[in-house]
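> Fold the following and give me the result.
(2 chains)
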Protein chains: 2
Amino acid sequence: MTYQDLRNNIFSKKSYLCVGLDTDPALIPECLKNEQYPLFAFNREIVDATAKYAVAYKPNTAFYEACGTEGWKQFEMTVAYIKEHYPELFVIADAKRGDIGNTAKRYAKCFFETMDCDAVTLAPYMGKDSIAPFLEYKDKWAIVLALTSNPSFVDFELYTGNDDTSKPMYQRVIETASEWGTTNNLMFVVGATRAEMLSGIRKFCPDNFLLVPGVGAQGGTIAEVAAAGFTKDCGMLVNSSRGIIYASKEDDFAEAAAKAAAKVVSEMEISFK
Amino acid sequence: MTYQDLRNNIFSKKSYLCVGLDTDPALIPECLKNEQYPLFAFNREIVDATAKYAVAYKPNTAFYEACGTEGWKQFEMTVAYIKEHYPELFVIADAKRGDIGNTAKRYAKCFFETMDCDAVTLAPYMGKDSIAPFLEYKDKWAIVLALTSNPSFVDFELYTGNDDTSKPMYQRVIETASEWGTTNNLMFVVGATRAEMLSGIRKFCPDNFLLVPGVGAQGGTIAEVAAAGFTKDCGMLVNSSRGIIYASKEDDFAEAAAKAAAKVVSEMEISFK
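Numbering: from 1, shown residues only, chains lettered A, B, ... in the order given. Next up is the predicted model:
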């Protein structure tokens, strides 16, 4: 998907909501547990119910891998279902891969050829070799971890060496990786729980789209994030996973997910006025 | 597998060879391409031919994921085959995962419960949350990226901020992560192409096992690595992937792999004198 298509979808829907499909077999409703493909059945219902609110979906590979081959199959089925029925929606494989060049090529093949994901999340630790193969695909995106939403982001992402006035590691990552890609194929992950740091990031990363997890269950708010990071082209995808897909654990889960998604999107309205 | 069992296997075999199963459908011999499960068939032959030389195997998840669900299935079959037929061998899922706590738990479940791997490689960028769930499993191992073998290791792993006398990021990673685990459940990845830096690493990381990729195709040598990093308990697993598994691309591939593995192990002999 191109930058312009993504931007246009966002402005026509007045939404920058990404729904995270962290689908856990222990948390899906009882009524789905006897399905042949329960994770896929759950995802299909969630997607059908929320597609008019969301601009992106983000299946998290860990939840599918934990179920083995049957889980991986349902991950593939989910991506294929979205791309078949809602081709205008942006699909992110939340995989956080990162490896040497010849291996990174295989991961890129996995997510961009074997599957038809639009983007994949990547860990920057190993440097350019581990990111560049993803940037070679036309209209596909690399989404590089920068400042994450988890408590232990302090361990390495803020590292400055001995000199506290040095750029912290996450800034080094954003500035360095920005030289490898463009605003048309490179996004960064910046957690909503770091909204106070987002306006600082916009000083050295004014235009790239940001994938912003951590709204809802992890504590960030849409208003804070939008105030700090919204650009003329929106420039962000705000993810909510558990707050939407597990809004109800009963038979009405899809309807409840739609209501939760609608509520998040209503909070986004102000960004488009 | 316990530290003591791993150490004892190494000393009884006089080998610290790990064989990397980077199994690429385009590179396996023609004679296997019509098998129902060609990647597994290749791995089974390689393992049977090299098991008397190796102490560990390291399937690389990217190569299986690139083949979709059928690839993932053959990854699982490979791990199950090794654990069934050679339970004394150490199996590393080379997955380089790293995510927030609730997701890291799912990856740990994948590799340590759904499968029976002994260890998994992990990226440190997101900090303790992303590593700790793997350390909660008895007799399982987290192998954390420190100083990798690829050319772009310089981008972030050597970061010191403004002050060149600061500890570089990889040292910060090793020292910090060492507080989360013990020598019984935590290893680090240090590339063989960085042998000149290995003796420096042994000053602040004297005892942990190191997983050392980059021998062979990537340019490092056993002698350099052993001279710099061998401990009283060996303290290293040296990986070779392409140099062994693709020693021949003809029908004699398994025999050629055994010869290549035997040659590497012969270079290790000096470490046990």
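> And the spatially closest residue to residue A:53 that is not a sequence neighbour, what's its pLDDT?
Spatial nearest neighbour of residue A:53, excluding adjacent residues (C-beta to C-beta, 6 or more residues apart in numbering or on different chains): residue A:261 at 4.0 Å. For every residue, glycine as well, the C-beta is placed using N, CA and C. On the pLDDT scale, residue A:261 is placed at 97.
> repeat for the one 4 residues further on
Among the per-residue scores, residue A:265 shows a pLDDT of 97.
> show me where the stretch 101-250 of chain A has helices.
A:101-109, A:132-135, A:169-177, A:195-204, A:222-229, A:242-245 (DSSP state H, counting those that start in this stretch).
> What are the buried residues along the fifth one?
When burial is assessed from 16 or more other C-beta atoms under 10 Å in any protein chain shown, helix A:222-229 yields the following buried residues: A:222, A:224-226, A:228-229.
> Could you dump these into TSV and include pLDDT and distance to chain B?
Shown next, in TSV, are the buried residues of helix A:222-229 (pLDDT from 0 to 100; distance: C-beta to the nearest C-beta, whole Å):
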residue	pLDDT	distance to chain B
A:222	93	20
A:224	90	19
A:225	93	17
A:226	95	22
A:228	93	21
A:229	95	20
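> For residue B:135, state which of these is nearest.
Nearest to residue B:135, judged by C-beta to C-beta, of the buried residues of helix A:222-229 is residue A:225 at 32.5 Å.
> for chain A, what's the longest helix?
The longest helix of chain A (DSSP state H) is helix A:68-85.
> Please state the offset of that one from the chain centre?
17 Å (C-alpha atoms, centre = their mean, to the nearest Å).
> Is chain B within reach of that helix?
Yes. Helix A:68-85 lies within reach of chain B by C-beta under 8 Å from any C-beta of the partner chain, at A:68-69, A:72-73, A:76.
> Need the per-residue pLDDT for residue A:218.
Residue A:218 is assigned a predicted lDDT (pLDDT) of 68.
> Measure how buried the closest residue to chain B within the stretch 1-150 of chain A is and give me the count.
For the stretch 1-150 of chain A and chain B, the shortest gap (C-beta to the nearest C-beta) falls at residue A:127, measuring 3.1 Å. As a burial measure, residue A:127 scores 24 neighbours (other C-beta atoms under 10 Å in any protein chain shown).
> Over to residue A:26?
Residues within reach of residue A:26, counting by other C-beta under 10 Å, total 5.
> Residues of the stretch 151-273 of chain A that sit close to chain B?
A:151-157, A:159-163, A:165-167, A:169, A:172-173, A:176.
> mind redoing it with 7 Å?
Residues of the stretch 151-273 of chain A lying near chain B by C-beta under 7 Å from any C-beta of the partner chain: A:151-157, A:159-163, A:165-166, A:169, A:172-173, A:176.
> and residue A:265, which of the three is it?
Secondary structure, DSSP: H, G, I helix; E, B strand; the rest coil: residue A:265 is helix.
> Please look at it and residue A:18 and confirm they touch.
No. When contacts are counted by C-beta atoms under 7 Å, residue A:265 is not listed as touching residue A:18 (11.5 Å).
> Would you mind telling me which of these two has more residues around it?
residue A:18 (27 against 20).
> Need the distance between the two termini of stretch A:105-120.
Chord length of stretch A:105-120, first to last residue, is 13 Å (C-alpha to C-alpha, to the nearest Å).
> Tell me how far that stretch lies from the chain's centre.
Here stretch A:105-120 is found 15 Å from its chain centre; the criterion is C-alpha atoms, centre = their mean.
> next one: stretch A:242-262
Between the centre of stretch A:242-262 and the centre of its host chain there is 19 Å, according to C-alpha atoms, centre = their mean.
> Alpha carbons of it, as PDB, please.
What follows is stretch A:242-262, C-alpha atoms only, in PDB (Å, rounded to 0.1, in the frame of the first residue of the first chain):
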ATOM      1  CA  ARG A 242      -7.200  -6.200  24.300                       C
ATOM      2  CA  GLY A 243      -9.400  -3.200  24.800                       C
ATOM      3  CA  ILE A 244     -11.200  -4.000  21.500                       C
ATOM      4  CA  ILE A 245     -11.000  -7.700  20.800                       C
ATOM      5  CA  TYR A 246     -11.800  -8.700  24.400                       C
ATOM      6  CA  ALA A 247     -14.400  -6.000  25.100                       C
ATOM      7  CA  SER A 248     -16.700  -8.900  25.800                       C
ATOM      8  CA  LYS A 249     -15.800 -12.600  26.300                       C
ATOM      9  CA  GLU A 250     -19.400 -13.700  25.700                       C
ATOM     10  CA  ASP A 251     -21.400 -14.400  22.600                       C
ATOM     11  CA  ASP A 252     -21.700 -10.700  21.900                       C
ATOM     12  CA  PHE A 253     -17.900 -10.300  21.500                       C
ATOM     13  CA  ALA A 254     -18.100  -9.000  17.900                       C
ATOM     14  CA  GLU A 255     -20.700  -6.400  18.700                       C
ATOM     15  CA  ALA A 256     -18.800  -5.300  21.800                       C
ATOM     16  CA  ALA A 257     -15.600  -5.000  19.800                       C
ATOM     17  CA  ALA A 258     -17.400  -2.800  17.200                       C
ATOM     18  CA  LYS A 259     -18.700  -0.600  20.000                       C
ATOM     19  CA  ALA A 260     -15.200  -0.300  21.600                       C
ATOM     20  CA  ALA A 261     -13.700   0.500  18.100                       C
ATOM     21  CA  ALA A 262     -16.400   3.100  17.500                       C
END
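> and the spatially closest residue to residue A:220 that is not a sequence neighbour, what is it in contact with?
Once flanking residues are discounted, residue A:220 sits nearest to residue A:192: 2.6 Å by C-beta to C-beta, 6+ apart. By C-beta atoms under 7 Å, 6 or more residues apart in numbering or on different chains, the residues touching residue A:192 are A:149, A:212-215, A:220, A:225, A:238.
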